[in-house]
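> output the structure for:
(chains A and B)
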Amino acid sequence: MDLAAQLPTLLGLAWLVPLASFIAILFFGPRMGPHGRNAAWVATAAIVTSLVLSLAAFVAWLAVHPVKAVHHGGHGEAHAADHADAGHGDSHHDDHGEHAEHAAPPAYSGDWYTLYEGGRLKLSIGWYIDSLTVLMFVVVTFIATCIHVYASGYMHDELHDVTDHEVHLSSGGHLHRPGRFPRFFQALSLFCFSMLGILIAGNLAMVFVFWELVGICSWFLIGFYYERKSASTAANKAFIVNRVGDFGMLIGLMALWGALGTLQFADATTTAADGTTVTTPGLFSLVRPAEAGHALRVPDGMVTFAAADEVATIAAEKAADPGAAAAEIAGRVPGWREQGFGGWLLFIAGLGIFCGCVGKSAQFPLFVWLPDAMEGPTPVSALVHSATMVAAGVYLVGRFFPVLTPDALLVIAYTGGITLFIAATIALVANDIKRVLAYSTVSQLGYMMLALGVGGWVAGLFHLVTHAFFKSLLFLCSGSVIHACHTNDMRKMGGLAKVMPYTAGAMLVGCLAIIGAGVPFVIGLSGYYSKDSILAQALSFAQANPRHAILYYAVAGGAFLTAFYMFRLWFMTFAGSPRDHHVADHAHESPAVMVSPLIVLSVLSVVAGWTLPGGFGVANLIEQSRPAGTVETATGGFVFGQALTLPAEYLSHEGAIHVTATMTAFGTALAGVLVAAAMYLWRIVSPDVIATLFRPVYSFLAGRWYFDELYHALFVLPALGVARFASWIDKGIIDNLINGLAWAARQLAGIDAWIDRTLVDGLVNATAGATWNAGLGLKKLQTGRLRQYVMFIAVGTVALFVLASMLFRSSFAG
Amino acid sequence: MTAADAISQPALWPLTAILFIPAVVAAFLSLPIIPKAREEAIRWITLATTAVVFVLSLWMAWPQLFGAVGPAQFTIGEAGMQGIVKQPWIPAFNIEYLLGVDGISMPLVLLTTFLSMLAAAASWPITKHVKAYHVLFLLLETGMLGVFVSLDFFLFYVFWEVMLLPMYFLIGIWGGPRREYAAIKFFLYTLFGSVLMLLAILMLYFTSDLRMLSPEQLQTAHVIAPGLDAAAAADAVTAIKTAADPIHTFNLLALAQLGQLPNSPFAAVNLWGMSLEAWAFLLLLIGFVIKVPVVPVHTWLPDAHVEAPTPISMILAGVLLKLGGYGILRICYPICPGAGLSLAWLVCGLGVVSMVYGAFAALAQKDFKRMVAYSSVSHMGYVMLGLGVWSAVAGNEFRWDAWAQGVNGAMFQMLAHGISSAGMFFMVGVLYDRVHHRNLEEFGGIFNRMPVYSGLAVAVFFAGLGLPGLCGFIGEVLVTLSSWNYSRVLAVISAFTVILTAAYILWAIQRVYLGAEYKGPHGDHLTPMTGRELAIATPLVFLAILFGVAPQTLFSYVTPSVNKQVETLADWTRRVRPDAPGAQEPLVPAAAAVAPPAAATAQR
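Now for the predicted structure:
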């Protein structure tokens, strides 16, 4: 079986097994052993199966596409060697000078299932698999496996009746409820299915489907303790804020779908009945056609869409001969493209898709949901809100990268820069251990977005992978601490290293990894490599575009802040002497089932960034899938007037840029650690004094920049106001109008009746009696007057409609 | 063809049987020989009747399920009218008993029979005047089915009115405290629409002239009875073509053929500055949008729903609202394409306004059932938008697929909303039957009290939320995506609705199902779902999932017929109105379109 058949089978199964687990636990969960204890095994077995299948796909991939060291300028070679089966056009041995004809990366795509088909439009469920997909499958299933194991220990409280001390009943007591161990694993399985669906998706419609499903899984998991008002509110907030992002994403989808009629990533080849093959271009080759050397250009569909007026003139003139009209329009397209038609559309499409990513990856201005999402159980925070779901946004930007214009990328870079800075500042003063990690996640996601935005395609996705390992590690460690202390408040911790040595050690590894610790130019933890490449690319971008140098300073400053708040966390929690003896006395190391995932993840947090001799490593594996046409430095821009330069990524690996970036990273991280140590370990400077000294700044940061309050005043209250207003219009205006019309009709009917009584009755008194009685009877039913009511409403509304059509459309004529 | 001939033809009876079995049973039930006190028997007879009708319609719609395909059954994937029944009724005015179904009406018939069956099962808690209730209920079913299967405009109108009266009494007698106000409001709104519709029907009838149609058109419109041999058919055609005076018709298919002629008789007549076609379109549209309903003629809906008993709410939301959308699709557009093209902005605009306004109003409601009622206004807005997005104009090179996608999405949305809204109303009813209030502020903690019910209810509400994998998603996404090609502004506003929908549904779920404890009265009555209730809720949830996961089940019926109609109208646009303006607005300020070419192409 060749790779093109193996990969969708293996990864497709890896994707569906968690769904089977979800269905099994949904129906039989409570019957799986005492209190559903075995549901954990079912879910874990499912995710382990997925992991094994993903690893099999990984091995199969490597067998055909071995990872090789990337020599700068030799990107083409690796592809050319293993390109025989991908069916993606020709590839070239080429070096620096002739990179214009860079080949498309190896990828496999196809469709499983059609949701809708009409005319040339088709929405389907399918796959797009390249080295990034395979890698992410392994990463997600691996971390999910660790977290399933960990959670089977962490969630043991749910195996018996639970007293929820955070829920106060009206009777004064606390809530007692049965445990719901199986429900947790049920949602976890559904989440894994949804997340893997995003990874494997062959088109944007499918991404959107699983995007929403991931959102609802997150709703279930954040709201796991749904008796708590705070939890259900946080769950709603997460989903609704994500929907704000999805609103933008829908616009992006519409812009692509309306103009191009496809949402497929890759080209599709279908064989017609007569044996001829038809290739339907996908988004990637529409935007970066091979005949244009994979350079970004506005696709024909968008050009004609934007030039609709011109098209209309031609099509109307030649309505009798559609063929001639189509030919003329096709001939005019290059000219229209020169005039700039459609550039905005491509920009909006990219920005729209990015909006979805802003929601899911908790970027400014939609990051407010992620810290609240910490209401969920800690394993959820580790899996959903650090390693996977929030990674989906970065993944999608990476996947969609070829379609993004330089202007869109600039917006992405600035969004990332603002996010990383704001989140890092809030993390400086947070006292809830999980919230520090939550803001650190937001900040690190900002790093990734910024990296992608400045053209660091590999750098951003590389950091995504390494971050997934060390952030899930950090969250699981924090879970272990919370499990031991029964509090999230770091001010009550301290000195825990003595009682929880494994947790303390693992968390130290995580902290060192996230700050990018290492011996410069020699070796480091995983974060060292990925963060360095981001810094280097940002520097390279800043040098090429001096107007945007601030992005580089944001990255460098962020590195300092990261080091500070991470070590503040570690020192406050594990170092020194206990602050609260009640907490310290009860603290204990967590059971083996929880500690073992910590050790496994610690090891990976160290080594995930390493490149083995021969070139095998995460970065080089990602490099295999680099979108065609993004190897070399590119300049362009449609919207912001000035041209932007996206420096080639390999340039940041060499020479002065690399040295400067590495030294900056090292210096800022070291400074951050030292300042944290000075304040929280050696107590040279008291944090309280500094807080008092900079009281307004401290309050501002502790109040989280007052984003929640701002959004509440700006969006929530006005929305509720509009809602009440709409409701009032119904009752106060429309219904009053209707009731008034009915009243008027009844008055007229009264006059009518009076005429009947005095005039008509006088004439035909003899027959009137019978009629009168019947009329009285009918009056009770109110049907006797209906005709009048109706005439009044009729005349009024017809007049309204006619008036409306006259006013708004002067060209109105049947 | 005589009546005796008709009976001998098996192809003629299934539609008639589906249509009239409920009415016949209703007549039987109303006989004095059925004692009023035998309430249980009456309920079972009604349930059995609706079940038989459902199975019969399923037998017709999905022959493969029952083995071999008979001539009387529906061929899935065929676009044209099937199961034609044609009998003269009032020959003096060319009024016929003309029935038929295609991919648009067949699934709606199935939805009607299915929901009627579930609503009959949901009618057990009705204890007042049981006999009268069930008689009216069965009459209502016949009325609804008649609207979907009639191909004669007069017959259509008769069934439209037949449906109205039982509904009036069902709300007015078996409703809540303000039932009389709600019933008369419903009645007046709808009757007002009917009057306008009647006006339009007469306008079209007296302007129509069958002589203008070609022999082929007369054949496809079933003006010439199907099954005639060639000679007899030719005679019939000749008789029409050589008539001295205009031959008027109520035949909907023939009216559509006339309306799409380049020299459409309806476009030729001018009345007070507008063509007769435009008047007819507007009058019919008002009649139909009241039923949909769209803002601002929607205020009957919340009142009717709040007061109506649960099963009637299910029927009202599940089927009655679809009559409006069906009428626009089947009657307004094919018969008055010119006005449809000119007024597409009105249809789309009403749809988008309803979507947003309904969602905002739903957000403000304190009454659970009112909230669900406003969600119907919002969801039916998608139907209007999808029907109206006439993007097949010159600026789009007369490509029809985006519009077809909108109409397919609208059809899907109608069917999906039939499932999800009936489900939502039923779920509210289950709670109301127990605690006798619907105040959203006085619930909470239901999940822990009634876990199975809450699980099913949350699934149904998620279907309303438009979650992928459930039925609400497909229609909304198809409609929203299709609207971009018609108008970017409307598309963006319609996409905005997804935020509001999430807000009002999740907020309601939070207030009712989540939380630690129940805050309202009669907490001790919160007993688990009964078997009967489960038997109603489970099929609805099952279908919500089925249609969400496998939308082809519905599209295999809908798409061929819809695509054919849209393609025909797109072709009509190219032939008759090639210079009609679309509704597209410039995407960006004109200045941006002349950006320096260097910047546009320099990316490399």
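> where does the residue in the stretch 101-250 of chain A that chain B sits nearest to fall, phi/psi-wise?
Nearest residue of the stretch 101-250 of chain A to chain B: residue A:119, at 2.7 Å (Cβ to the nearest Cβ). (Each C-beta comes from the backbone N, C-alpha and C, glycine too.) Per-residue torsions, residue A:119: phi 60, psi -130 (degrees, to the nearest 10).
> do residue A:404 as well
The phi/psi pair for residue A:404 (degrees, to the nearest 10) is phi -80, psi 130.
> can you tell me which residues in the stretch 301-450 of chain A are near chain B?
Counting by Cβ under 8 Å from any Cβ of the partner chain, the residues of the stretch 301-450 of chain A lying close to chain B are A:304, A:306, A:308-309, A:311-313, A:315-316, A:319, A:322, A:325-326, A:329, A:337-341, A:343-345, A:348, A:405-406.
> the residue in the stretch 601-750 of chain A positioned nearest to chain B bridge partners, please.
Closest to chain B within the stretch 601-750 of chain A is residue A:636: 2.7 Å, counting by Cβ to the nearest Cβ. Here residue A:636 shows beta-bridge partners residue A:644, assigned using DSSP bridges.
> and it, how far from residue A:220?
43 Å (Cβ to Cβ, to the nearest Å).
> show me where pLDDT drops low in the chain?
Picked chain A for this. Scanning chain A for pLDDT under 70 picks out A:1, A:70-102, A:638-639, A:641, A:760-794, A:796-797, A:800-814.
> actually it's chain B I care about, not the one you picked
For chain B (pLDDT under 70), the answer is B:1-12, B:69, B:583-604.
> center of it, which residue is that?
In chain B, the residue lying closest to the centroid (Cα atoms, centre = their mean) is residue B:322, at 1.8 Å.
> buried ones in the longest helix anywhere in chain B?
In chain B, with assignment by DSSP state H, the single longest helix is helix B:401-435. Neighbour counts over helix B:401-435 (16 or more other Cβ atoms under 10 Å in any protein chain shown) mark B:401-432, B:434-435 as buried.
> continuing past that helix, what's the next helix or strand?
Using DSSP states H and E, the next helix or strand after helix B:401-435 towards the C-terminus is helix B:446-449.
> quick check: next helix or strand after that next one?
Scanning forward in sequence from helix B:446-449 by DSSP H and E, the next helix or strand is helix B:451-465.
> which helix or which strand is home to residue 205?
You didn't pick a chain, so chain A it is. Secondary-structure element containing residue A:205, defined by DSSP H and E: helix A:204-222.
> other chain: chain B
Using DSSP H and E, residue B:205 falls within helix B:179-207.
> so what touches the helix or strand that that helix is followed by?
Sequence order places helix B:215-220 as the next helix or strand after helix B:179-207, per DSSP H and E. With contact meaning Cβ atoms under 8 Å, 6 or more residues apart in numbering or on different chains, helix B:215-220 is reached by B:80, B:210, B:224, B:233-234, B:236-237, B:240-241, B:253-254, B:257.
> the longest helix seen in chain A packs against which elements?
Longest helix of chain A, by residue count under DSSP H: helix A:229-260. For helix A:229-260, the packing partners by 3 or more Cβ pairs under 8 Å, 6 or more residues apart in numbering or on different chains; DSSP states H and E come out as helix A:204-222, helix A:283-287, helix A:300-306, helix A:343-360, helix A:369-372, helix B:471-483, helix B:488-512.
> residue B:575: which of those is closest?
helix A:300-306 (22.0 Å; Cβ to Cβ).
> in whichever helix or strand comes after that closest one, what counts as buried?
Later in the chain than helix A:300-306, the nearest helix or strand by DSSP H and E is helix A:308-317. Using 16+ other Cβ under 10 Å as the test for burial, helix A:308-317 gives A:308, A:310-312, A:314-316.
> and if you look at stretch A:168-177?
Neighbour-count burial for stretch A:168-177, with 16+ other Cβ under 10 Å as criterion, is recorded at A:175, A:177.
> then stretch A:262-275?
Buried positions in stretch A:262-275, judged by neighbour count with 16+ other Cβ under 10 Å: A:262-268.
> pull the CA atoms of it into PDB?
Provided in PDB are the C-alpha atoms of stretch A:262-275 (Å, rounded to 0.1, in the frame of the first residue of the first chain):
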ATOM      1  CA  THR A 262     -13.900  26.300  -3.300                       C
ATOM      2  CA  LEU A 263     -12.500  25.900   0.200                       C
ATOM      3  CA  GLN A 264     -10.300  23.000  -0.600                       C
ATOM      4  CA  PHE A 265      -6.600  23.500   0.300                       C
ATOM      5  CA  ALA A 266      -5.200  21.300  -2.400                       C
ATOM      6  CA  ASP A 267      -6.000  20.500  -6.000                       C
ATOM      7  CA  ALA A 268      -8.400  17.700  -6.600                       C
ATOM      8  CA  THR A 269      -8.200  15.400  -9.600                       C
ATOM      9  CA  THR A 270     -11.200  13.600 -10.700                       C
ATOM     10  CA  THR A 271     -11.600  11.100 -13.500                       C
ATOM     11  CA  ALA A 272     -14.600  11.700 -15.700                       C
ATOM     12  CA  ALA A 273     -16.600   8.800 -17.200                       C
ATOM     13  CA  ASP A 274     -14.800   9.100 -20.500                       C
ATOM     14  CA  GLY A 275     -11.400   8.600 -18.800                       C
END
